[in-house]
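A.B. asks: need a 3D model of the sequence below.
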Amino acid sequence: MRGLDYKWIEALDAVLQYGGFERAAEKLCISQSAVSQRIKQLEKFIAQPALVRSAPPKPTLIGKKLLGLYRRVLLLEQETMPELLNDTSARPVTLSIATNADSLASWVIPALQPIMSKENVAFQFSILDESRSIEKMKNGEVVGAISLDDQPLPGCRAEYLGKMDYLCVASPSFMTRYFSNGVNAQTLLHAPSVSFDMQDSQHKQFLKQHFAVQSEMRINHKVGSSEAFVAFAKAGLAYCLIPRLQIAEELAKGELVEVTPGQTVTNVIYWHHWLLETGILAQLSTGIVNYARTHLPQ
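C.D. replies: Below is the predicted model of the structure:
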């Protein structure tokens, strides 16, 4: 039986990466009809569509799985070929990771520093909420993901990393302006706050859990940057939930103060990765797990 031809998936990947058949053909140095033919051969082989021919094109569910397989094969090839050919000038090994913005801003970069300093690697970060990052792992789009989910996917392992403690903080001037009459459900609802995006419900859940707030917040900025959360709070523009690890210095200097002392949000996070890892992937997982268990509350 004839096996899967990776040139078919290469064509699929190129069409999705470059937004169409014409540019994919240019990048692959083949004709546009050849690109189309390779994808048709792939779809005939799997007996179902791999590509939604829209503008821009999108992968089907099986298309995503095939792309995940293709990227794993490329990764293994990138890692192995320099050793086989004794080639030290080979292109970097690309490692894609799904992480939440807060972890990336506070501890992930130091955790990766040793491997980035000594290995020929290029990292690609998919920034997602901890509750959504696992989807990237399911689709095979990343080699690892930081997630709240403690249940591993088939063929994967979920390793405990530690806890991320979030404090509700604001600047002293913000406290004077909005909470001079006390911190309660009404004052919290009417003071400007910050969420990461439309799918980030952490702030709303915090108000519901500790203050039985059911109503919508009057002003809730959507700011897709962990560093911007800190900037908003320090500038006196909003109050927000920020990891303690990220604002230790600001708290010590008095630039930020706790709005609700003693009331925090704690997220328990896990590192999801393939069960059978060797080489640079094993180094990656070991580095992340060891650093997190040393620097995060356990």
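A.B. asks: spit out the contact partners of the nearest residue to Gln298 once chain neighbours are set aside.
C.D. replies: The shortest distance from Gln298 to any non-neighbouring residue, by Cβ to Cβ, 6 or more residues apart in numbering, is to Gly162 (5.4 Å). (C-beta placed from N, C-alpha, C; glycine too.) Contact analysis of Gly162 by Cβ atoms under 8 Å, 6 or more residues apart in numbering lists 268-269, 292-293, 295-298.
A.B. asks: ok, now with 6 Å
C.D. replies: 292, 296-298 (Cβ atoms under 6 Å, 6 or more residues apart in numbering).
A.B. asks: three-state assignment of it?
C.D. replies: strand (DSSP: H, G, I helix; E, B strand; the rest coil).
A.B. asks: could you list the buried residues of the helix or strand bottoming out on mean pLDDT in the chain?
C.D. replies: Every helix and strand of the chain was ranked by mean pLDDT, DSSP states H and E. The lowest is helix 61-85, at a mean of 75. The neighbour-count check on helix 61-85 (16 or more other Cβ atoms under 10 Å) flags 62-68, 70-71, 74-75, 78-79 as buried.
A.B. asks: could you do stretch 198-215 as well?
C.D. replies: 200, 202-204, 206-207, 210-211, 213.
A.B. asks: so how far is the first residue of it from its last?
C.D. replies: Stretch 198-215 has an end-to-end distance of 16 Å (Cα to Cα, to the nearest Å).
A.B. asks: how about the buried residues of stretch 198-215, which pair is most distant?
C.D. replies: Maximum pairwise distance in these, criterion Cβ to Cβ, is 18.3 Å, between Asp200 and Phe211.
A.B. asks: tell me which element the residue of the chain most remote from its centre falls in.
C.D. replies: Largest separation from the mean C-alpha position in the chain: Asn181, at 39.2 Å (Cα atoms, centre = their mean). Under the criterion of DSSP states H and E, Asn181 resides outside all helices and strands.
A.B. asks: with adjacent residues omitted, what lies nearest to it?
C.D. replies: Thr187 (6.5 Å).
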